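**Student:** pasting a predicted model and its sequence here:
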Amino acid sequence: MASVRKKKEDRAALRTELYDRVKRGEISLVEAVRTMRKIAGKTQAEYARLVGVGPRVLIDFERGVGNPTIKTLEKMLRPFNLELTVRRKPEERD
């Protein structure tokens, strides 16, 4: 029973950290999706089924070789109430 509570607490902490990193713009889209999947406690195939995309789409995306549509990306983000946005890239310093 204590281990179940600990897992819930760990996931809640990871979710808070994810939202903080998103807010600060410190996480890539690929990393965000991978983190969400891990917080959900799902394999790639399980998360793909959960969000309604093909497993290969998610696997390739997490490997950095996929090219999903915006609609597919929105499906991957929906369970965590996140959306795609545009922001200005921070200035690079020399």
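**Tutor:** Sure thing, it's come through. Values in this document were obtained by computation on a predicted structure and should not be read as measured data. Numbers count the residues shown, from 1 in each chain.
**Student:** tell me which element Ile59 falls in.
**Tutor:** helix 55-63 (DSSP states H and E).
**Student:** can you tell me what sits against that helix?
**Tutor:** Where contact means Cβ atoms under 8 Å, 6 or more residues apart in numbering, the residues beyond helix 55-63 that reach it are 30, 33-34, 37, 44-45, 47-49, 51, 66, 68, 72, 76. Just so you know, the C-beta spots here come from the backbone N, C-alpha and C atoms, and that holds for glycine as well.
**Student:** again, but for stretch 9-28
**Tutor:** Ala32, Thr35, Met36, Lys38, Ile39, Gly41, Phe80, Leu82, Arg87, Pro90.
**Student:** mind checking which of those residues are buried?
**Tutor:** Ala32, Thr35, Met36, Ile39, Phe80, Leu82 (16 or more other Cβ atoms under 10 Å).
**Student:** sounds good, over and out.
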